[in-house]
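Undergrad: I would like the atomic coordinates for the input below:
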Amino acid sequence: QVQLVESGGGLVQAGGSLRLSCAASGRTFSSYSMGWFRQAPGKEREFVAGMRPSGASTYYADSVKGRFTISRDNAKNTVYLQLNSLKPEDTAVYYCAASGARSYTPKLPVLYNYWGQGTQVTVSS
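TA: Numbering: from 1, shown residues only. Have a look, this model is predicted:
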């Protein structure tokens, strides 16, 4: 069992930045691929970013590429999402998730075994 707790969300003006954190407890964090998803009101949950266990490979949705950065610190059992140049359309609840899948496909929510409770990001125009 892995427990995930996100933090770092908040209200920010367009063009601003936030750093989200996701602290993991339970089984070996370093063996999991990690992902960030988001869900805006009235919309489906969508993939934002993903990272393999070693951190050597990262993946991003086209809408955030060049603005968001995923990283992890396996010693601290934490994954981060740096959000820069935020836009009002980035407003959503952001979730981190852990995947134990051998064939990791970062965009598929069904491959993630554990989810956090989410943290709200609101970007004002």
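Undergrad: how about the strands in this protein?
TA: In the chain, the segments counted as strands under DSSP state E are 2-7, 10-13, 18-26, 33-39, 46-51, 58-60, 68-73, 78-83, 92-99, 114-115, 119-124.
Undergrad: Find me the pLDDT at the spatially most central residue of the chain, would you?
TA: Geometric centre of the chain, nearest residue: residue 36, 2.1 Å, by CA atoms, centre = their mean. Residue 36 carries a pLDDT value of 98.
Undergrad: Isn't it up against residue 48?
TA: Yes. If you go by CB atoms under 8 Å, residue 36 and residue 48 touch, sitting 4.3 Å apart. For glycine as for every other residue, the C-beta is placed from the backbone atoms N, C-alpha and C.
Undergrad: Mind listing the residues bridging to residue 36?
TA: Going by DSSP bridges, residue 36 is paired in beta bridges with residue 49, residue 96.
Undergrad: And the nearest residue to residue 57 once chain neighbours are set aside, how close does it get to residue 100?
TA: Spatial nearest neighbour of residue 57, chain neighbours left out: residue 51 (6.9 Å); criterion: CB to CB, 6 or more residues apart in numbering. Distance, residue 51 to residue 100, by CB to CB, to the nearest Å: 14 Å.
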